[in-house]
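# From the sequence below, what's the structure:
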Amino acid sequence: MSAYPLRIDLTQRSSQYCGAGTMARMSTSPTDRRARLQQPRLARELRTIEAMLRIGCRDRHGGGAPLCAECAALAEYTARRLAACPFGETKPTCSNCQIHCYGPREREAVREVMRYAGPRMLLRHPVLALRHVADGKRPAPPKPINKKGAARAP
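Numbers count the residues shown, from 1 in each chain. The predicted model follows:
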């Protein structure tokens, strides 16, 4: 577990980062979404992004244990999107994924956090950092197919 666990409520929508219709494309119940985040691969991915957000928030925004409002909203958004990932346990890193489920603004915000926190992760969270790099080397699985036989749209 991380030193500063985030309490993310997956039942609430973040007005800043969730657009209209976002919740309709996700899993049907908040319990199902929370359960998906308990899978080892997705739980590790969530811990990694939380650690990166804490590093970025502390160094750039002066935040301490609780994240600033902007970073907390981004953490909530990333947890929601991770819980709704159609790949589940076979999820590739987002940079290798064929389905980009983040909106353009959120994707850029996460990129900025990763650019800043990525090198610092080697010193502060070396195991998470190395596992994230190793996950990035895995090939992405093919797009999941929905029940009608067509590839899912992001």
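
# Just the buried residues of stretch 117-131, please?
By neighbour count with 16 or more other Cβ atoms under 10 Å, stretch 117-131 contains the buried residues 117, 121, 125, 128-129, 131. Quick note: C-beta positions are derived from backbone N, CA and C, even for glycine.

# What lies in contact with it?
Stretch 117-131 has contacts (Cβ atoms under 8 Å, 6 or more residues apart in numbering) with 44, 47-48, 51-53, 55-56, 59, 132.

# Can you list which of these are found in strands?
If you go by DSSP state E, those have nothing in strands.

# Let me have those residues in JSON lines, extended by distance to residue 84 and pLDDT.
Below are these laid out as JSON lines (distance: Cβ to Cβ, whole Å; pLDDT from 0 to 100):
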{"residue": "44", "distance to residue 84": "17", "pLDDT": "91"}
{"residue": "47", "distance to residue 84": "18", "pLDDT": "93"}
{"residue": "48", "distance to residue 84": "18", "pLDDT": "93"}
{"residue": "51", "distance to residue 84": "21", "pLDDT": "93"}
{"residue": "52", "distance to residue 84": "20", "pLDDT": "93"}
{"residue": "53", "distance to residue 84": "19", "pLDDT": "93"}
{"residue": "55", "distance to residue 84": "25", "pLDDT": "93"}
{"residue": "56", "distance to residue 84": "23", "pLDDT": "91"}
{"residue": "59", "distance to residue 84": "29", "pLDDT": "89"}
{"residue": "132", "distance to residue 84": "20", "pLDDT": "89"}
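
# Tell me which of the residues you listed fall in helices.
Here DSSP state H is the test, and the contacts of stretch 117-131 give 44, 47-48, 51-53, 55-56, 132 as lying in helices.

# By neighbours, which of those wins?
residue 52 (26 neighbours; other Cβ atoms under 10 Å).

# so what's that one closest to, chain neighbours aside?
residue 117 (3.9 Å; Cβ to Cβ, 6 or more residues apart in numbering).

# spatially speaking, which residue is in the middle of the protein?
The centroid of the chain falls nearest to residue 78 when counting by Cα atoms, centre = their mean (3.6 Å).

# pLDDT score for it?
Here, the pLDDT recorded for residue 78 equals 92.

# Is it located within a helix, as I assumed?
Yes - counting by DSSP: H, G, I helix; E, B strand; the rest coil, residue 78 falls inside a helix.

# list the contacts for it?
Residue 78 sits next to 46, 49, 53, 102, 106, 110 when contact means Cβ under 8 Å, 6+ apart.

# Cheers, nothing more for now.
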